[in-house]
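1. let me see the structure of the following:
(2 chains)
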2 protein chains.
Amino acid sequence: MDGSSVSPLPCEAPLAMMESEKTPPRSPSQHDMPPPPDEKRYDDDDDRVWNCGAWFEYILVVVVSSILLIAASVLTIFWTIYYRKGFNMDDPKLQFNLHPVLMIGGYITLSGFSILLYRICRCCSHLIVKLCHTFFHACSIPCIVIGFMAVWDSHNQQQIPNFYSLHSWLGMITMGLFALQFVLGFFSFLILLCCENATYKFRSTMVPIHASFGVATFMLAIATAVTGLTQKAHFELGENYSQTVEEGIIMNSIGVILTGLGIIIPFAVRRSNSPANCKVYVTERI
Amino acid sequence: MDGSSVSPLPCEAPLAMMESEKTPPRSPSQHDMPPPPDEKRYDDDDDRVWNCGAWFEYILVVVVSSILLIAASVLTIFWTIYYRKGFNMDDPKLQFNLHPVLMIGGYITLSGFSILLYRICRCCSHLIVKLCHTFFHACSIPCIVIGFMAVWDSHNQQQIPNFYSLHSWLGMITMGLFALQFVLGFFSFLILLCCENATYKFRSTMVPIHASFGVATFMLAIATAVTGLTQKAHFELGENYSQTVEEGIIMNSIGVILTGLGIIIPFAVRRSNSPANCKVYVTERI
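-> Model (predicted):
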């Protein structure tokens, strides 16, 4: 049975509505050239009406995401200081504590805000959003590097082997993908902007790839973090973990917050049928 | 500095091309009603040209995704039979082995193929794709239920506490979200199809929510699976895990395959600027 021959699916109508909201349609010949300088930007589209529901959804998503992003780092810092005796570079056990704090701070909080910027900054120009996106990601690099060095050095001092666990394997994949994303993103979207007319075709091809892999890297970081938390809980708490001790609950809560971010961040930047469309389209263009 | 006032970003042009490819633009009054019955479906759009690159990308994504989806289940079955002594309902330790096999089979392989259908079936009608999507998800339900019962019963017989670990917490969230998705998806997209004209607005609102949460549930299932694998590796292998034993490598490989799926499945169904656009739009409509 061919459903299309029976009747068209009604959800095409709202989709078409979304499409016509994006930009005025162009003739085929216009596809091969950048838009004229006097053309309206989505960001400048002042005839887009935001009703109460749209504002409510926008504020809810942004506020909840921001709270979870900050909570992930704050709770990790609290856990390491209160239950794991804080940080000390002279003690390899306490040196290790830098690892979860910096990795969650860099990969989750900073990278998460960097992704979320495309949703938050609905009144800024696209160029500024891109620069802030790069800045946040650039800030996360030292966190990740120091976080990696902390665990590497701590393991070596305690003669604990490296790269045997699933957590370390996933961590390596995440780091590789993050580095690739950063380098490609930086060259494609900032450097090549200098000769934008000559490179727009290449950069526009990169947009959905960069966006998809960006969200995938974020999700991978979450998968790496939850395996790390599980591993640490079994190492440090042992049998006590199954007795639902306080520290176990805190560690699980960090994992649940990270999982919550794994749901809300892709949702926040992908949401495509809300009246907050303008920024979702901006995300598509990164 | 307002980037938009200087010059518009050139990547708007290809985006506009994508938009104009989707459907012909409609007048504002048409937004409030379903499309007329004689209107072309995206599926029937025979003037869309697929070049070699598009076909290569389509085949690559579909083949790699399918191989990884099948490999996840096959490797898990191999691991449980070869290293964990297979299945026996009379022995709680061997009864447990049903848990990873059925959970990965249900949550990852069946659900993964169910999501991937929107990319694979580019020649079928949308209704058939939806029915197959429901069928695959329906098949995964008994796997998940029996997989859950297996671990529950096995733990109770061995007097191992339940619901203390991050893996179990994430598993509960994943199950809740999966159940919610299935019930909402079933009612919204199949039952309400009977009175499609009256319900299209509600269903079209549900489309991006269902799609976003569907991919999020899949990613959550992967996060749950990798925490489960980490936990099991530490329980069963103990100190041997850090000696890079064969079983540890197999378990890590399952985790890496699952992570690979976490990258390629969202990429496969979200990819929006490839010449395979028609199916991506179908995904948007689910």
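2. and the residue nearest in space to the middle of chain A, what helix or strand is that in?
-> The structure's chain A has its C-alpha centroid closest to residue A:112; by CA atoms, centre = their mean the separation is 4.0 Å. Residue A:112 belongs to helix A:111-120 when assigned by DSSP states H and E.
3. what helix or strand is the nearest residue to the residue nearest to the centre of chain A once chain neighbours are set aside on?
-> Leaving aside its chain neighbours, residue A:112 sits nearest to residue A:69 (4.5 Å; criterion: CB to CB, 6 or more residues apart in numbering or on different chains). C-betas here are computed from N, CA, C, even on glycine. Remark: residue A:69 resides in helix A:52-82, with elements defined by DSSP H and E.
4. again with residue A:217
-> helix A:196-236.
5. please apply the same query to residue A:184.
-> Here residue A:184 is covered by helix A:166-186, with elements defined by DSSP H and E.
6. do that helix and chain B meet?
-> Yes. Residues of helix A:166-186 contacting chain B under CB under 8 Å from any CB of the partner chain: A:166, A:167, A:169, A:170, A:173, A:177.
7. then the helix holding residue A:112 to PDB, C-alphas only?
-> Backbone C-alpha positions of helix A:111-120 (Å, rounded to 0.1, in the frame of the first residue of the first chain) are rendered in PDB as follows:
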ATOM      1  CA  SER A 111      31.300  23.100  25.700                       C
ATOM      2  CA  GLY A 112      27.600  22.800  26.700                       C
ATOM      3  CA  PHE A 113      27.300  26.600  27.100                       C
ATOM      4  CA  SER A 114      29.200  27.000  23.800                       C
ATOM      5  CA  ILE A 115      26.600  24.800  22.000                       C
ATOM      6  CA  LEU A 116      23.700  26.500  23.900                       C
ATOM      7  CA  LEU A 117      24.900  29.900  22.800                       C
ATOM      8  CA  TYR A 118      23.100  29.400  19.500                       C
ATOM      9  CA  ARG A 119      19.900  29.100  21.400                       C
ATOM     10  CA  ILE A 120      20.600  31.800  24.100                       C
END
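8. relative orientation of that helix and helix A:196-236 in degrees?
-> Note on geometry: by axes from the mean of the first three to the mean of the last three CA atoms, to 10 degrees, helix A:111-120 and helix A:196-236 are set 140 degrees apart in direction.
9. helices and strands around the following helix or strand past helix A:111-120, which ones?
-> Once the chain leaves helix A:111-120, the next helix or strand it forms, by DSSP H and E, is helix A:126-157. Helices and strands touching helix A:126-157, as assessed by 3 or more CB pairs under 8 Å, 6 or more residues apart in numbering or on different chains; DSSP states H and E, comprise helix A:92-96, helix A:98-103, helix A:111-120, helix A:166-186, helix A:277-285, helix B:3-6.
10. re the thing from before, my guess is the residue nearest to the centre of chain A contacts residue A:264. True?
-> No. The pair formed by residue A:112 and residue A:264 falls short of the contact definition of CB atoms under 8 Å, at 9.5 Å.
11. wait, isn't residue A:263 in contact with residue B:218?
-> No. Counting by CB under 8 Å, no contact exists between residue A:263 and residue B:218, whose distance comes to 11.1 Å.
12. between these two, which is the more surrounded one?
-> Under the neighbour definition other CB atoms under 10 Å in any protein chain shown, residue A:263 and residue B:218 were set side by side, and residue B:218 has more, 24 against 21.
13. residues in contact with that one?
-> Applying CB atoms under 8 Å, 6 or more residues apart in numbering or on different chains to residue B:218 gives the contacts B:107, B:108, B:111, B:112, B:115, B:262, B:265, B:266.
14. residue B:59: which of those residues is nearest?
-> Nearest to residue B:59 among those, counting by CB to CB, is residue B:265 at 16.2 Å.
15. ok so, going back, show me what the next helix or strand after the helix holding residue A:217 is packed up against.
-> From helix A:196-236 onward toward the C-terminus, using DSSP H and E, the following helix or strand is helix A:246-270. If contacts are counted by 3+ CB pairs under 8 Å, 6+ apart, helix A:246-270 sits against helix A:52-82, helix A:111-120, helix A:196-236, helix A:277-285, helix B:166-186, helix B:196-237.
16. using a markdown table, lay out those together with distance to residue B:159 and mean pLDDT.
-> Listed next are the helices and strands packed on helix A:246-270 as a markdown table, based on distance: least, CB to CB, whole Å; pLDDT from 0 to 100:
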| stretch | distance to residue B:159 | mean pLDDT |
| --- | --- | --- |
| helix A:52-82 | 29 | 92 |
| helix A:111-120 | 40 | 90 |
| helix A:196-236 | 19 | 87 |
| helix A:277-285 | 50 | 37 |
| helix B:166-186 | 16 | 93 |
| helix B:196-237 | 15 | 87 |
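17. using TSV, lay out those together with distance to residue B:155.
-> What follows is the helices and strands packed on helix A:246-270, written out as TSV (distance: least, CB to CB, whole Å):
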stretch	distance to residue B:155
helix A:52-82	27
helix A:111-120	35
helix A:196-236	16
helix A:277-285	43
helix B:166-186	10
helix B:196-237	12
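18. so which of those helices is nearest residue B:98?
-> If we rank the helices and strands packed on helix A:246-270 by CB to CB, the stretch that ends up nearest is helix B:196-237, at 13.2 Å.
19. now the angle from that closest one to helix B:246-270?
-> Relative orientation of helix B:196-237 versus helix B:246-270 (the same axes, to 10 degrees): 160 degrees.
20. show me which residues of the helix holding residue A:69 are buried.
-> When neighbours are counted by 16 or more other CB atoms under 10 Å in any protein chain shown, the buried residues of helix A:52-82 are found to be A:57-58, A:61-62, A:65, A:68-69, A:71-73, A:75-77, A:79-80.
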